[in-house]
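Enquirer: dropping a prediction and its sequence here:
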2 protein chains.
Amino acid sequence: MSKKGTLFVISGPSGVGKGTLKEVLLAELAGIKLSISVTTRKPRVGEVDGRDYFFVSEETFKELILEDKLLEWAKVYTNMYGTPRDFVLENLNQGQDILLEIDIQGALQIKKKMPDGVFIFISPPSIEELGLRLYSRGKDSQESINIRLAACKDELKYSKHYNYIVVNDNISEAVDKLKSIIVAERCKIEKLD
Amino acid sequence: MSKKGTLFVISGPSGVGKGTLKEVLLAELAGIKLSISVTTRKPRVGEVDGRDYFFVSEETFKELILEDKLLEWAKVYTNMYGTPRDFVLENLNQGQDILLEIDIQGALQIKKKMPDGVFIFISPPSIEELGLRLYSRGKDSQESINIRLAACKDELKYSKHYNYIVVNDNISEAVDKLKSIIVAERCKIEKLD
């Protein structure tokens, strides 16, 4: 079979835990490759260039936009994030499934360009729970957390543009659901032509 | 949520192993209830009335048809099989997922009446492999096996009317795929309204 790969997009409000879900999913599921984003934001402790992100300057990022080398890009707070177009398309054409973890703005841009992708919305159990998580993560100020919670209420309404919703109230259950979605999509009749 | 249940239909050529897959699936997956068919055929060794099938006379079966109490029915070889309409609809309306194991003719009839069902085609790895399985099962004559293999070649083309295809080359892998399909369908956005 000269079957194309599928683009799986994991997305949702900031702080919902999609990064952790992505890590566990990649460790447990064979045959899926991570799409690495380009970003202008500074690496957090433990993040590695070329593994977690391609960390670039704002100048380099703007060149990538002008050369149409990004499948999507967005400015989130003061940082820019983008998805390298060639990396994704070449892999899909070779039959490789690709996993992309991205914020909601990015996912909606990607969906316009790649409507055949599988879009999975990661939802917090509740706004209150998300607030507790952001607080206990200790990376953000109370003010920054309040801004994010307000944004999240707004963002939940975008879930209707996605194919699936996975509520992240328990990491291993949420990962099992993500694995199930990927396995099921691989069994779809229209994917076997 | 006053969410309706989903009808999952497992179907495929005779001898493909869908009965075994159904048994293992029911034992391993919570929250799904088996739809029990009505049939005029004689019970096989080990089959129990009201668990494997409702075994009825041809007269009773014809009454059920006339009273429109069957969601579908079919004559397969010399026997009649049907799906009790009320049992399925009442359960779905109560939010209960229903699993139905049925031959291809029945599945296609059901699909016309219940297009929102999830239709899963169980495929043999190959026609040759199916022949070996039917032979080693020891329930059928060589002539009967030949008739079934010819029918199977014909039946494989119906897979395009289904939502998913699961190749049954390994029972536990096939069951995992079936579980994944059910879990994924439960995560679909349109199911959460």
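Expert: Nice, I can see it. Not measured: the values here are computed from a predicted model. Numbering: from 1, shown residues only, chains lettered A, B, ... in the order given.
Enquirer: near chain B at all, the longest helix belonging to chain A?
Expert: Secondary structure assigned by DSSP state H gives helix A:171-187 as the longest helix of chain A. Yes: on the criterion CB under 8 Å from any CB of the partner chain, helix A:171-187 is in touch with chain B at A:D176, A:K177, A:K179, A:S180, A:I181, A:V183, A:A184, A:E185, A:C187. (Glycine included, C-beta is placed from N, CA and C.)
Enquirer: got the residues of chain A near chain B?
Expert: Counting by CB under 8 Å from any CB, chain A sits next to chain B at A:120-121, A:159-160, A:162-166, A:176-177, A:179-181, A:183-185, A:187-189, A:192.
Enquirer: what about 10 Å?
Expert: For chain A, the residues in contact with chain B under the definition CB under 10 Å from any CB of the partner chain are A:118-121, A:159-167, A:173-174, A:176-193.
Enquirer: and the residue nearest the centre of chain A?
Expert: Most central in chain A under CA atoms, centre = their mean is A:E101, positioned 1.7 Å from the mean C-alpha point.
Enquirer: sorry, back to before: can you give me the offset of the longest helix of chain A from its chain's centre?
Expert: Average the C-alpha atoms of helix A:171-187, do the same for its chain, and the two points are 15 Å apart (CA atoms, centre = their mean, to the nearest Å).
Enquirer: and the residue nearest to A:K153 when sequence neighbours are not counted, how far from A:A151?
Expert: With sequence-adjacent residues excluded and distances taken as CB to CB, 6 or more residues apart in numbering or on different chains, A:K153 is closest to A:I127, at 6.0 Å. Distance, A:I127 to A:A151, using CB to CB, to the nearest Å: 11 Å.
Enquirer: also A:T20?
Expert: Remark: distance between A:T20 and A:A151 (CB to CB) = 20 Å.
Enquirer: all helices of chain A, in order?
Expert: Counting by DSSP H, the helices of chain A are A:18-28, A:58-66, A:85-93, A:104-113, A:127-137, A:142-155, A:171-187.
Enquirer: so which of those is the most surrounded?
Expert: Between the helices of chain A, helix A:171-187 has the highest mean count of neighbours, a mean of 20, where neighbours are mean count of other CB atoms under 10 Å in any protein chain shown.
Enquirer: tell me the mean pLDDT for it?
Expert: Along helix A:171-187, the predicted confidence averages to a pLDDT of 96.
Enquirer: same question for stretch A:111-118.
Expert: Per-residue pLDDT values across stretch A:111-118 average out to 92.
Enquirer: quick check: end-to-end length of it?
Expert: One end of stretch A:111-118 to the other measures 9 Å (CA to CA, to the nearest Å).
Enquirer: which regions of chain A lie under the pLDDT threshold?
Expert: Regions of chain A meeting the criterion pLDDT under 70 cover residues A:1-2, A:191-193.
Enquirer: quick one: A:K4 from B:L100, how far?
Expert: Between A:K4 and B:L100 the computed distance is 32 Å (CB to CB).
Enquirer: who's more crowded, these two?
Expert: Set side by side, A:K4 and B:L100 show more neighbours around B:L100, with 24 against 16, by other CB atoms under 10 Å in any protein chain shown.
Enquirer: I'd say that one and B:S11 touch.
Expert: Yes: contact between B:L100 and B:S11 holds when scored by CB atoms under 10 Å: they sit 8.2 Å apart.
Enquirer: what do those two both touch?
Expert: Shared between the contact lists of B:L100 and B:S11 (criterion: CB atoms under 10 Å, 6 or more residues apart in numbering or on different chains) are residues B:G106, B:A107, B:I110, B:F119.
Enquirer: out of these, who's nearest A:L26?
Expert: Of all the shared contacts of B:L100 and B:S11, the one with the least separation from A:L26 (CB to CB) is B:F119, at 31.3 Å.
Enquirer: got the end-to-end distance for stretch A:116-132?
Expert: With CA to CA as the measure, what separates the two termini of stretch A:116-132 is 35 Å.
Enquirer: OK, contacts around A:V24?
Expert: By CB under 10 Å, 6+ apart, the residues touching A:V24 are A:I171, A:S172, A:A174, A:V175, A:D176, A:L178, A:K179.
Enquirer: go on, A:I10?
Expert: Applying CB under 10 Å, 6+ apart, one finds that A:I10 lies in contact with A:16, A:18-19, A:21-22, A:25, A:99-102, A:107, A:118-122, A:164, A:166, A:178, A:181.
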